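>>> Fold the following for me, if possible:
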Amino acid sequence: SILWYENNKLGRSQLSQMDKDELKPYSFRILDEDKEGVKDIELLTREKTIIRATDYSGNSTNNVILLHMANKSRRDYDNFANYLKQNNLRVVSLDFRGHGDSEGDRSKFTYNDYTEMTRDVETVQKYLINVTKEGEVSLIGAELGANVATNYRSGNVSKLILISPLSVSFKTIDESVVKK
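This next block holds a predicted model:
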């Protein structure tokens, strides 16, 4: 049985196996952990969408969140994430809703689904605050991820690294990229 943890001011508290409707937003659970501390995790967003991420752990509180391109996944960053970890950064790579192993059907996305991807970033940042007690993060995003990083509004983002941001609106993304 995989247990859910609840983010709270006292750290994380262990919850029993529960249906996601019973869980509080920003809860998370560890699905798998390898011998080097790399964890595959599930996180529950504010509106209770389940997203998947990989936490490359490490001892650093220099937090980096990696944001992938449209129609891609967090796995595209595995080598880069390991490189950053070896250089004393704590890295989490996430699958946006409708991508990779996260909930959602990209083929049915609306404009609102794209704008809510910022909540996926918010959820990962809250997870990092819970496990590191440090809220400041750097965001590295490519293409769609660069646009989401730009749209994410948080006072705790120290750096934005944008790789080939899309020069189209989310509305255009909705109509052209998702249907591929």
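>>> could you say which helix or strand contains the closest residue to R153 other than its chain neighbours?
Once flanking residues are discounted, R153 sits nearest to T118: 7.4 Å by CB to CB, 6 or more residues apart in numbering. To be clear about C-beta, it is placed using only N, CA and C from the backbone, and glycine gets the same treatment. Element membership for T118, per DSSP states H and E: helix 117-132.
>>> again with D40
Using DSSP H and E, D40 falls in strand 39-44.
>>> Residues contacting the next helix or strand after that strand, please?
Proceeding N to C from strand 39-44, the next assigned helix or strand is strand 50-55, under DSSP H and E. Under the contact criterion CB atoms under 8 Å, 6 or more residues apart in numbering, strand 50-55 has outside partners 20, 31, 38-45, 74-75, 78, 81, 90-97, 100-103, 120, 123-124, 127, 131.
>>> change it to 6 Å
Contacts to strand 50-55, defined as CB atoms under 6 Å, 6 or more residues apart in numbering, come from residues 39-43, 74, 92-95, 101-103, 120, 124.
>>> Could you give me the buried positions within stretch 62-74?
Residues of stretch 62-74 classed as buried by neighbour count (16 or more other CB atoms under 10 Å): 62-70, 72-74.
>>> Can you get me a residue count around E47?
10 (other CB atoms under 10 Å).
>>> do R106 as well
19.
>>> now the one 10 residues further on
When neighbours are defined as other CB under 10 Å, E116 has 20 of them.
>>> for T132, same thing?
Count around T132 with other CB under 10 Å applied: 18.
>>> any weak-confidence spans in this structure?
The chain contains residues with pLDDT under 70 at 1-3, 6-20, 168-180.
>>> Could I get the full set of helices for it?
78-86, 111-115, 117-132, 144-151, 170-176 (DSSP state H).
>>> How about K85: what's its closest non-neighbour residue?
Y56 (4.4 Å).
>>> Quick check: phi and psi on the one you found?
As for Y56, its main-chain torsions (degrees, to the nearest 10) stand at phi -80, psi 10.
>>> what sits against the residue nearest to R153?
Taking CB under 6 Å, 6+ apart, one finds 148, 151-152 in contact with T118.
>>> ok, back up a step: mind checking which of the contacts of strand 50-55 are buried?
39-43, 74, 92-95, 101-103, 120, 124.
>>> Quick check: end-to-end length of stretch 149-159?
Start-to-end span of stretch 149-159 (CA to CA, to the nearest Å) is 10 Å.
>>> can you pull the buried residues of it?
In stretch 149-159, counting by 16+ other CB under 10 Å, buried: 149, 152, 157.
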